[in-house]
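Q: here is my input; please provide its structure:
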Amino acid sequence: MADLGFLTRTPHAHRGLHGPDVVENSRAAFEAAIAAGHGVETDVQVSKDGVAMVFHDYELDRLTRKSGPVIERKAAKLEKIKFKDSDETIPRLTEMLALIDGRAPVLIELKAKNRKVKKLCRSVADALADYDGEAAVMSFNPEVGRWFARNAPDIVRGLVVTEHDEITLAARLKGAMQRSLSVFRAEPHFLAYDVRDLPSAFADSLREKGVPVVTWTVRTEGERACAAEGADQIIYENP
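A: Have a look, this model is predicted:
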């Protein structure tokens, strides 16, 4: 079993420590998180030519002056695209890891819409192959965890979970079954749980088995209190 202590040792800054003057998932946001003594949570998309790029949205529109899907552009084009109101460009995951260089733990969320995850997972595994720092991958998509369990089992993997949209009894019952199936397929070392759902009986059941739970995205004192009761560490943003 991999050493999982880095998951809970320190809070993790959501998309780096960003704010009005620092764009999310940027070099400046990562440096700010490191300066605060915290971990970094970040997001990865895959380029058209199979390179892991640090970017949250499937589309470029919200954060840049370009538009359209990230996956339709090659890495050489993506890394030249500037964020809005910034001189910073979209970094490759390898560049981000070189910047962090083991100075902080890294949680990498893989953004995967469907079961076709091989290209994305391989891009991240390749980026992590020579990285000596503390890092983990995670995703809402259990197929990501399944891929890493089979192809890169030494990389710490997590399952991202939310119960927030389960309003009706039928939805809650279906959600409980899906969560159990997702854990079975992903074989996660840890859970990243929606703070709005804490405390959670499902999360508690895995914590009792020794599975660490980090929770996202903590922004208020009330959410910190929920996190203290139902999780082992937080992924946070400054309010």
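Q: please name the bridge partners of residue 14.
A: Per DSSP bridges, the residues bridged to residue 14 are residue 41.
Q: what are the neighbouring residues in contact with it?
A: The neighbourhood of residue 14, defined by CB atoms under 8 Å, 6 or more residues apart in numbering, consists of 24, 41, 216, 217, 235, 236, 237. Any C-beta I mention is one placed from the backbone N, CA and C, and that applies to glycine too.
Q: which among those residues end up buried?
A: When burial is judged by neighbour count using 16 or more other CB atoms under 10 Å, the buried members of the contacts of residue 14 are 24, 41, 216, 235, 236, 237.
Q: please name the residues that touch the second one.
A: With contacts defined as CB under 8 Å, 6+ apart, residue 41 is in contact with 12, 13, 14, 15, 16, 106, 107, 109, 216, 235.
Q: could you give the bridge partners of the last one?
A: For residue 235, the beta-bridge partners are residue 12 (DSSP bridges).
Q: got a list of what it touches?
A: Residue 235 makes contact with 11, 12, 13, 14, 41, 107, 192, 214, 215, 216, 217, 218 under the criterion CB under 8 Å, 6+ apart.
Q: excluding residues flanking it in the chain, which one is nearest the third one?
A: The spatially closest residue to residue 13, leaving aside those adjacent along the chain, is residue 33, at 3.8 Å (CB to CB, 6 or more residues apart in numbering).
Q: residues near that neighbour, how many?
A: The tally of other residues near residue 33 (other CB atoms under 10 Å) stands at 27.
Q: okay, it: pLDDT?
A: Here the pLDDT value assigned to residue 33 is 98.
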